[in-house]
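Novice: using only what follows, build the 3D model:
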Amino acid sequence: MNNILLVEDDLSLIDGLEFSLKKAGFCVDIARTVRESYAIIEKQNHDLLILDLTLPDGSGYEICQKVRQSSSVPIIFLTASDEEVNIVKGLDMGADDYITKPFKLNELTARINALLRRAKLSESTQAELASNGITVRLAENRVFRDTSEIELTTAEYRLLCLFMQNPNAVLTREIILNRLWDNDSSFVDDNTLSVYVRRLRSKIEDNPENPIFLLTVRRLGYKWNIVK
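Specialist: Below you'll find the predicted structure:
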């Protein structure tokens, strides 16, 4: 049974989420503040975190940032704020998904299951991937540019591996979503994939405005490929 930590201060929402998640087969711990979440995290390991953005004594950003210092556990932000600046900030801090309220419980459960499955799957049987000075050590989940290590979020890491495993191939938006988000692109906000790609480009390229490693082609839809 997977353990989930829900950090939320809305009692009515807590009751509904806790009931639904337990019914779906998850073990759920509840924290209503940043301080409570830290105390729980120190005592117990979790397979996934669900973080509200606004909390009485701080924000979900603080929790995400602290957790990412030592763990790659999947993190979902669950918040009423749908502004792109907040989405970018959350993803940049290491969140794997960002869901805005109101939301459908079935969709949340599906996203949780998708992230848990992805976290358990090995990206490849290869020891490492290498292209144009970028090296991915798959067994260690570490990425290097020449000799310098690059810090990537879980989603950015998966996206980079997908590109590097398909050199010189054009990957459509649908292909990427199907490969990374369990064959249902409706579970990803329209701009989320673009945010992932933009953040990844900013970390692996000399000049993201003049891309070398990633080429974006916009025609009937979104297409990305890696230039080897």
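Novice: can you pull up the most central residue in this structure?
Specialist: Computing the C-alpha centroid of the chain and ranking residues by Cα atoms, centre = their mean puts Asp96 first, at 1.4 Å.
Novice: for my notes, confirm Glu42 occurs in a strand.
Specialist: No: read with DSSP: H, G, I helix; E, B strand; the rest coil, Glu42 is helix and lies in no strand.
Novice: return the per-residue confidence for it.
Specialist: Per-residue confidence (pLDDT) for Glu42: 88.
Novice: quick one: the lengthiest helix in the chain to chain centroid distance?
Specialist: Longest helix of the chain, by residue count under DSSP state H: helix 105-120. Chain-centre distance of helix 105-120: 11 Å, with Cα atoms, centre = their mean, to the nearest Å.
Novice: which parts of that helix are buried?
Specialist: For helix 105-120, burial by neighbour count (16 or more other Cβ atoms under 10 Å) applies to 108-116, 118-119. All C-beta atoms are positioned from the backbone trio N, CA, C, and that covers glycine.
Novice: helix or strand next in line after that helix, which one?
Specialist: strand 128-131 (DSSP states H and E).
Novice: what helices or strands is the helix or strand just after that following strand leaning on?
Specialist: Using DSSP H and E, the helix or strand that directly follows strand 128-131 along the chain is strand 134-137. The contact analysis (3 or more Cβ pairs under 8 Å, 6 or more residues apart in numbering; DSSP states H and E) places strand 134-137 against strand 128-131, strand 142-145, helix 154-164.
Novice: can you rerun that using 6 Å?
Specialist: strand 128-131, strand 142-145 (3 or more Cβ pairs under 6 Å, 6 or more residues apart in numbering; DSSP states H and E).
Novice: so what are the sheet partners of that strand and their directions?
Specialist: strand 128-131 (antiparallel), strand 142-145 (antiparallel) (DSSP bridges).
Novice: mean pLDDT lowest where, among these?
Specialist: Ranked by mean pLDDT, the strands paired with strand 134-137 end with strand 128-131 at the bottom, a mean of 84.
Novice: alpha carbons of it, as PDB, please.
Specialist: What follows is strand 128-131 as a C-alpha-only set of coordinates in PDB (Å, rounded to 0.1, in the frame of the first residue of the first chain):
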ATOM      1  CA  GLU A 128      23.800   5.900 -19.200                       C
ATOM      2  CA  LEU A 129      22.700   8.100 -22.100                       C
ATOM      3  CA  ALA A 130      25.000  10.600 -23.700                       C
ATOM      4  CA  SER A 131      24.700  13.200 -26.400                       C
END
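Novice: residues in contact with it: which ones?
Specialist: Strand 128-131 is contacted from outside by 135-138, 164, 228, using Cβ atoms under 6 Å, 6 or more residues apart in numbering.
Novice: how long is stretch 50-69 from one end to the other?
Specialist: 17 Å (Cα to Cα, to the nearest Å).
Novice: state the mean pLDDT of that stretch.
Specialist: Mean predicted lDDT for stretch 50-69 stands at 93.
Novice: can you get me a residue count around the spatially closest residue to Ala31 that is not a sequence neighbour?
Specialist: Spatial nearest neighbour of Ala31, excluding adjacent residues (Cβ to Cβ, 6 or more residues apart in numbering): Ser37 at 3.9 Å. Neighbour count for Ser37, taken as other Cβ atoms under 10 Å: 26.
Novice: can you tell me the element Ser37 falls in?
Specialist: Assigned by DSSP H and E, Ser37 belongs to helix 34-43.
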